[in-house]
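*Asks:* Predicted structure and sequence below. I'll ask about it afterward.
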Amino acid sequence: MAVNNFQVFAGASGANVVTQSQYLAMTQLPTGFQTGIAQSNQVNKVLRQASIFAAMIAQFICDKTGQDAIDDGTIATLEANFIAAIQAVGRIKLTAPLSLYVSPSGSDLNNTGLNISSPFQTIQKAVNVAVSAYDTQLQPITVNIANGTYANPVTITAPLFGGGILNLSGNSATPSTVIISSNNNHAIHCTHAANVSISGISVQTTGSIVGVPSIGLLSDTNSNVNITGPMNFGGCAGNHIWAASGGTVGFTTSYSITGGATAHYFATTSGVILGPLSGTSVTLTGSPTFSNAFAASAQSGVIQVITGGTTFTGSAIGKRYSVSFAGQINTGGGGANYFPGTIAGTADASTFAIYV
């Protein structure tokens, strides 16, 4: 049970306080106590008036979020938990997994998204509803995406309330039939501790956003993204996969690459890209070109995609790997030629470690 440090002062039966009518009649009420000695029952009443609301708000935080309301002399955590408690009011509490539906023929204005016959039109609408309308109580929400091309990018700016995971699920049999094709924006951007799994989707991008070439899949600001079913990475203006600012991208399944990018894997600013220990393959078609490197790590970024865990089939044009500014790449002994490419990999003098 959550702990509430904020208690009502002089709230017990028989407490030494003036009555409510006496309080309202106090001449000191408009301007406060001045010089002299204040009567204890009057001061106690004032303290109770203030403390009862502090205790009530703190209990509201405990009841709605399950978090403690601690009196440690600071307000940042209390404020954050108070906002979370307000957000929880009115949310639909899940007792089982929830499915939402998206189709190019759907409607964001007129449909509920709750069944296949009333789908939303954009993936973003389904994501917004999942994030804002539900208290998942650890239940997952799956966004089922029908075949088609979706020109709208998808941005997930928060984890689901209540700790559930958000699943973006397209066509796992043929991911190339569910395409997020974004111009001047990242196809899928997960940020601010979002927790997402992705399956059955193809991403491709053109253009840039705020001067950054558009990314296929970006996980940053402590987000956690897992590729749990087949995906396809088409041509992207920027990187196919970018993990940055503490974000993580992991994959536990085979997937394909049919277009080039700046890099396929790019980890920077403590971002992490993780492959499995066994059983996956990455299939490249058409010898795509990577202008930086197939795998690039910089600024304490970490790439751990290891031999025996992932096999690369097909060829790529460009540098195999690039490591700089204390980046790390671990192939588990895969060697300098483990990643696809036509140019030898490089590591600058500042590199902390590279395990090939």
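*Replies:* Everything's here; your move.
*Asks:* Every contact and neighbour count from this point should use C-alpha atoms.
*Replies:* Fine.
*Asks:* Next SSE downstream of the strand of greatest length in the chain?
*Replies:* If you go by DSSP state E, the chain has its longest strand at strand 289-298. Using DSSP states H and E, the helix or strand that follows strand 289-298 towards the C-terminus is strand 302-304.
*Asks:* Give me the contacts around that following strand.
*Replies:* 265-268, 270-275, 295, 297, 327-332 (CA atoms under 8 Å, 6 or more residues apart in numbering).
*Asks:* got the domain boundaries for this structure?
*Replies:* Domain assignment of the chain by automatic domain parsing yields the ranges 20-88, 170-355.
*Asks:* how about those domains in a markdown table, adding mean pLDDT, mean neighbour count and distance to I141?
*Replies:* Converted to a markdown table, the domains of the chain look like this (pLDDT from 0 to 100; neighbours: other CA atoms under 10 Å; distance: least, CA to CA, whole Å):
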| stretch | mean pLDDT | mean neighbour count | distance to I141 |
| --- | --- | --- | --- |
| domain 20-88 | 92 | 15 | 17 |
| domain 170-355 | 96 | 22 | 10 |
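*Asks:* possible to save those domains as CSV with distance to N4?
*Replies:* Shown next, in CSV, are the domains of the chain (distance: least, CA to CA, whole Å):
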stretch, distance to N4
domain 20-88, 5
domain 170-355, 27
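*Asks:* for those domains, which one sits closest to T149?
*Replies:* The closest of the domains of the chain to T149 is domain 170-355. By CA to CA, the value is 4.6 Å.
*Asks:* The closest one: how far from the chain's middle?
*Replies:* 18 Å (CA atoms, centre = their mean, to the nearest Å).
*Asks:* Mind jotting down where the strands sit in the stretch 251-356 of the chain?
*Replies:* Ranges of strands in the stretch 251-356 of the chain, per DSSP state E, counting those that start in this stretch, are 255-257, 261-268, 272-274, 280-284, 289-298, 302-304, 310-313, 317-318, 321-324, 328-330, 346-347, 353-355.
*Asks:* Turn the ones you listed into JSON lines, columns for distance to Q7.
*Replies:* Below are these laid out as JSON lines (distance: least, CA to CA, whole Å):
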{"stretch": "strand 255-257", "distance to Q7": "56"}
{"stretch": "strand 261-268", "distance to Q7": "47"}
{"stretch": "strand 272-274", "distance to Q7": "45"}
{"stretch": "strand 280-284", "distance to Q7": "57"}
{"stretch": "strand 289-298", "distance to Q7": "51"}
{"stretch": "strand 302-304", "distance to Q7": "48"}
{"stretch": "strand 310-313", "distance to Q7": "57"}
{"stretch": "strand 317-318", "distance to Q7": "66"}
{"stretch": "strand 321-324", "distance to Q7": "55"}
{"stretch": "strand 328-330", "distance to Q7": "51"}
{"stretch": "strand 346-347", "distance to Q7": "60"}
{"stretch": "strand 353-355", "distance to Q7": "54"}
